[in-house]
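Student: Turn this into a model:
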Amino acid sequence: MARPRKPTAELELKGAFKKDPQRKRVDPKTSGPVGNPPPSLDMDIHATWYELAEQAPIDVLRSADRALLGIAATLLYKIRKTPLDKLEPAMIGQLLKCLSAMGMTPADRSKVHAPKEKAENKFAKFASKAAEARKPVH
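Tutor: Numbering: from 1, shown residues only. Prediction:
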């Protein structure tokens, strides 16, 4: 099995991009927060969806992760409802894989980082409004 990629934040801390700045990775942008569970998901699983979304590292889950969160919520719900003697180890493995992909295991939590939002520059906002006000009206 191939060795997993090191997270960008870890490489940055180790100075890997100082030597080769062109190798720096950029996290892709997504359209917004994960939001509420989809209506197609069973109502019984909605509570598990919210539980997992709340336990995830802050600002890591985004709208692109909705399918993965839905799978994880369904698996966790089924595992909780299944008697221990009837529980399939494959279900636990699938759940752990989903949780790992979302940075929700102790080992994986240190590997994820949420994109930092740029702080609003109040002066730039004021300056752009002032420039708009000075434009001649035709």
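Student: Buried residues of the helix or strand hosting A107, list them for me.
Tutor: When elements are defined using DSSP states H and E, A107 is found to belong to helix 106-109. Judged by neighbour count using 16 or more other CB atoms under 10 Å, the buried positions of helix 106-109 are D108. Backbone N, C-alpha and C define where each C-beta goes, glycine included.
Student: Following element in sequence after the longest helix belonging to the chain, please.
Tutor: Looking across the chain with DSSP state H, the single longest helix is helix 66-81. If you walk from helix 66-81 toward the C-terminus, the next helix or strand you reach (DSSP H and E) is helix 89-101.
Student: worst-scoring helix or strand of this protein, pLDDT-wise?
Tutor: Among the helical and strand segments of the chain, the one scoring lowest on mean pLDDT, DSSP states H and E is helix 122-134, with a mean of 70.
Student: how much space is there between D85 and Q94?
Tutor: In this view, D85 and Q94 are 19 Å apart by CB to CB, to the nearest Å.
Student: hmm, I was thinking of M104
Tutor: Separation of M104 from Q94 (CB to CB) stands at 14 Å.
Student: who's more crowded, the two?
Tutor: Neighbour tally, M104 and Q94, criterion other CB atoms under 10 Å: the higher count belongs to M104, 19 against 16.
Student: I'd assumed that one was in a strand, is it?
Tutor: No: inclusion of M104 in a strand is not indicated when DSSP: H, G, I helix; E, B strand; the rest coil is applied; the result is coil.
Student: tell me the pLDDT at D44?
Tutor: pLDDT, the model's per-residue confidence, is 92 for D44.
Student: in which helix or strand would I find it?
Tutor: With DSSP H and E as the test, D44 turns up in helix 43-55.
Student: which other helices and strands contact that helix?
Tutor: Taking 3 or more CB pairs under 8 Å, 6 or more residues apart in numbering; DSSP states H and E as contact, the helices and strands that helix 43-55 lies on are helix 66-81.
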